[in-house]
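Enquirer: fold the following.
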Amino acid sequence: MASGFFAILDDIAALMDDVAMTSKLATKKTAGILGDDLAVNAEKATGFLASREIPVLWAITKGSFINKLIILPVVFVLNWLYPPAIKAALIIGGVYLAYEGVEKIIEYFLHRAKKGEEVIAESQLEESDVHSEKAKVSSAIKTDFILSLEIIIIALGTAMEKQHPLITQILSVTFVAIIATVGVYGIVALIVRMDDAGFYLMRKSDNKGFMSSFGGILIKALPLVIKGLAVLGTIALILVSGGIFLHNIEYIHHLIPHSIPSTIAEFGVGIAFGIVAVLLMTGLKKVKGYLKK
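Expert: Reported below is the predicted structural model:
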């Protein structure tokens, strides 16, 4: 009886060891996507009233957990029943990311600069408009869904490479998914509260000494960080989408010369698909508006 109990403990220990090793490898392979995920979601979680930043971030985090609760079982079932469906889902998600990225670039370069009174009026409207906040949260959750899907698929691929049993694959991929959510949104929470930390340090040090100076740096750095994240987030959207197309569409993969650096190739492909997606969406919107008249 005792030997059977210890044998079970030994099996559990071996399973946990396999899960730890597989999770470590999967986390290394998804590190690039996690960096992109951080840049995209940090940009999505900023631009709200200070009093709404944490509630909005919490809403996006909950949405991210729900995304993974949906994706994990679906990916395992599809991988068992029909693996090509996973690739198709990734490509559709890639089109959405490319569209978002290129649309942001077009808005930046083609939209006219707004006058001071227009900016104030728009700001006041957004602050009082609950629907605007919900729309931004919804957009962030949709983007997270696609990035989460890619992270989970890469993690599953790593687990399958090692030919681990199904239970090890499920546990290791689930662990990576949870760590991705907690890690990314934990860092985002720290970023959006940088100014609060700065004010706290200045109050604690009575506006004197190193701590006060450091607090001032944090406060002044926040707008620059947010602007930087907006740029990085847009670039990340295009790079991730381009990577999805290059790695999952054989024709595109063979069309791009291998002499071109992967980052440039991914960015170029992402831009190309994004432009096509924006043109198609613009055309569909015009047709829809024409039909309504």
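Enquirer: just the helices in the stretch 51-200 of the chain please.
Expert: Per DSSP state H, counting those that start in this stretch, the stretch 51-200 of the chain carries helices over the ranges 84-110, 116-128, 130-161, 166-192, 194-204.
Enquirer: closest one to Lys285 among those helices?
Expert: When those are compared by CB to CB, helix 84-110 sits nearest Lys285, at 12.0 Å. Any C-beta I mention is one placed from the backbone N, CA and C, and that applies to glycine too.
Enquirer: who does that closest one touch, helix- and strand-wise?
Expert: helix 50-81, helix 130-161, helix 209-248, helix 262-292 (3 or more CB pairs under 8 Å, 6 or more residues apart in numbering; DSSP states H and E).
Enquirer: rank the ones you listed by pLDDT, which is bottom?
Expert: Lowest mean pLDDT of the helices and strands packed on helix 84-110: helix 130-161, a mean of 78.
Enquirer: which parts of that one are buried?
Expert: Judged by neighbour count (16 or more other CB atoms under 10 Å), helix 130-161 contains these buried residues: 133, 136-137, 140-156, 158-159.
Enquirer: would you mind measuring from the closest residue to Gly215 other than its chain neighbours to Met211?
Expert: Of all residues not flanking Gly215 in the chain, Leu201 sits nearest, at 3.3 Å (CB to CB, 6 or more residues apart in numbering). Taking CB to CB, to the nearest Å as the measure, Leu201 falls 5 Å from Met211.
Enquirer: just Tyr251 next, same as before
Expert: For Tyr251, the distance to Met211 equals 58 Å [CB to CB].
Enquirer: neighbour count: the two, which is higher?
Expert: Between Tyr251 and Met211, counted using other CB atoms under 10 Å, Met211 has the larger neighbour count: 16 against 7.
Enquirer: what's that one in contact with, if anything?
Expert: Contacts for Met211 (CB atoms under 8 Å, 6 or more residues apart in numbering) come out as 201-202, 204-205.
Enquirer: show me which pair in the residues you listed is furthest apart.
Expert: Pairwise distances across these (CB to CB) peak at 7.4 Å, for the pair Met202 and Lys204.
Enquirer: burial measure for Val276, as a count.
Expert: There are 14 residues near Val276, going by other CB under 10 Å.
Enquirer: from Ile235, how far off is it?
Expert: Taking CB to CB as the measure, Val276 falls 19 Å from Ile235.
Enquirer: again with Asp144
Expert: Here Asp144 is placed at a distance of 17 Å from Ile235 (CB to CB).
Enquirer: cool, and Leu57?
Expert: The spacing between Leu57 and Ile235, counted by CB to CB, is 22 Å.
Enquirer: swap in Gly101?
Expert: According to CB to CB, Gly101 and Ile235 sit 8 Å apart.
Enquirer: residues touching the residue nearest to Gly215, list them.
Expert: Taking CB under 8 Å, 6+ apart, we find Leu201 in contact with 211-212, 214-215, 218.
Enquirer: which of the residues you listed tops the neighbour count?
Expert: Gly215 (22 neighbours).
Enquirer: would you mind confirming that it is in contact with Tyr200?
Expert: Yes - using CB atoms under 8 Å, Gly215 makes contact with Tyr200 at a distance of 7.2 Å.
Enquirer: on that earlier part again, have a look at Gly101 and Ile235 and say which one is more surrounded.
Expert: The residue with more neighbours, out of Gly101 and Ile235, is Gly101; 28 against 19, by other CB under 10 Å.
Enquirer: so what's the more buried one closest to, chain neighbours aside?
Expert: Taking CB to CB, 6+ apart, and ignoring the residues beside it in sequence, Gly101 has Leu237 as its nearest neighbour in space, at 3.5 Å.
Enquirer: before we move on, what about Lys68?
Expert: In this structure, Lys68 finds its nearest non-sequential neighbour in Ala177, 4.5 Å apart by CB to CB, 6+ apart.
Enquirer: quick check: the one you found touching Pro73?
Expert: No - if you go by CB under 8 Å, Ala177 and Pro73 don't touch, sitting 11.5 Å apart.
Enquirer: between Met202 and Lys204, which has more neighbouring residues?
Expert: A direct count of neighbours by other CB under 10 Å for Met202 and Lys204 places Met202 higher, at 19 against 11.
Enquirer: burial count for Val173?
Expert: 29.
Enquirer: what sits against it?
Expert: 26, 72, 75, 152, 155-156, 159.
Enquirer: in stretch 181-192, what counts as buried?
Expert: Across stretch 181-192, burial judged by 16+ other CB under 10 Å covers 181, 184-185, 188-189, 191-192.
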